[in-house]
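> Predicted model follows, preceded by the sequence.
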Amino acid sequence: MSMVINTNLSAASASKHLQASQASLDKSLARLSSGSKITNASDDAGGLAVSMKMDAQIERFKAAKANIGNAISFTQAQDGYLKNIGSSLDRMGELSVLAKDGTKTDADRALYDLEYQQLAQTVTDSASKTWNGVNLFATTALAITSDSEGGTFNMAGVDLAAVVTGVGGNIATNAGATTALDNIKTAIGLVASSRATIGSNQTRLHSSSEQIAVATENLAAASSRIQDVDVAEEASEFARFNILVQSGTAMLAQANQIPQNVLRLLQ
């Protein structure tokens, strides 16, 4: 073995290994402190690209789920108004039957008609309600976002025009009461059918929301496997690199002492 002063190969080798251990220790510390395996693009270039696309898709799924939640609220508002309309129609049917009583005069029927007309106005007003500026009751179907790529399905509309027309009569006469009763029975059937339509819309919306939740969960799990650090495993690596840095530092100090041995030859 040569003994030289100008070039300390042992120290250079120890320094190289110490630098590598220190770099690995720094990377392990960054992973543990951030909770992510990918702290720099160079850590996993391909994995970073894939996880970024997954994370973006997850956010789009969240937006689609929010849209579906709004649509569910929309249908709940529809059903709430229809429930009240149904109650009004029930009472209007009852009043029509009472007005058909042959023992009552038209003056009596006029009194029943006062309540009948107020209920009819309630039905008419309810049929024109809006939700965030959108008509609750219209023939036009609403396009509801169903996935992260902007796909939609059409939620069937609910039209109450025929119901409004059906409550437009009066029960001030026996003949009027007879006609009104027939119209009210038809209107009740239309409201019942409309509530069934709303119920089917809600079923579809809840199903779509559940599908989005499952897809979001699976994407999050896949992204986590790429990005998230296994703390137990990384802690073991951190301990290993920490020991290597300490031992490398000690050995570098020893290597720096080797040239001093040359002095013994010069004594």
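Arrived safely, thanks for sending.

> ok but residue 148 is inside a strand, no?
No. Looking at residue 148 with DSSP: H, G, I helix; E, B strand; the rest coil, it is coil, so not inside a strand.

> what's the neighbour count on it?
20 (other Cβ atoms under 10 Å). (C-beta placed from N, C-alpha, C; glycine too.)

> buried residues in stretch 97-104?
97, 99-100 (16 or more other Cβ atoms under 10 Å).

> residue contacts, residue 30?
Residues in contact with residue 30 (Cβ atoms under 8 Å, 6 or more residues apart in numbering) are residue 39.

> Now it: which helix or strand?
helix 9-34 (DSSP states H and E).

> Give the next helix or strand downstream of that helix.
Next along the chain after helix 9-34, taking DSSP H and E as the criterion, comes helix 45-99.

> centre of the chain versus the next helix or strand after that next one, how much separation?
On the C-terminal side of helix 45-99, the nearest following helix or strand under DSSP H and E is helix 106-127. On the basis of Cα atoms, centre = their mean, to the nearest Å, helix 106-127 sits 44 Å off its chain's mean C-alpha point.

> Give the buried residues for helix 106-127.
Buried residues in helix 106-127 (16+ other Cβ under 10 Å): 109, 112-113, 116-117, 119-120, 122-124, 126-127.

> Ok, stretch 126-139 next?
Under the neighbour-count criterion of 16+ other Cβ under 10 Å, stretch 126-139 has 126-127, 135-137 buried.

> Over to stretch 191-206?
191, 194-195, 197-198, 201-202, 204-205.

> Residue 234 versus residue 24, what's the distance?
Using Cβ to Cβ, to the nearest Å, residue 24 is found at 11 Å from residue 234.

> So what's the residue count around residue 188?
When neighbours are counted by other Cβ under 10 Å, residue 188 registers 18.

> Which residue comes closest to it once chain neighbours are left out?
residue 89 (5.0 Å; Cβ to Cβ, 6 or more residues apart in numbering).

> which element is residue 143 on?
In this assignment (DSSP H and E), residue 143 forms part of strand 142-145.

> who touches that strand?
Residues outside strand 142-145 that contact it (Cβ under 8 Å, 6+ apart) are 63-64, 67-68, 71, 74, 134, 151-155, 157, 205, 208.

> One more: stretch 35-54?
By Cβ under 8 Å, 6+ apart, stretch 35-54 touches 27, 30-31, 219, 222-223, 226-229, 231.

> Select, from these, the two members most distant in space.
Maximum pairwise distance in the contacts of stretch 35-54, criterion Cβ to Cβ, is 26.9 Å, between 27 and 219.

> Need the per-residue pLDDT for residue 44.
Looking at residue 44, its pLDDT stands at 78.

> State the distance from it to residue 229.
Going from residue 44 to residue 229 by Cβ to Cβ gives 12 Å.

> what about these two, which has more around it?
Shown here are residue 44 and residue 229; by other Cβ under 10 Å, residue 229 has more neighbours (20 against 16).
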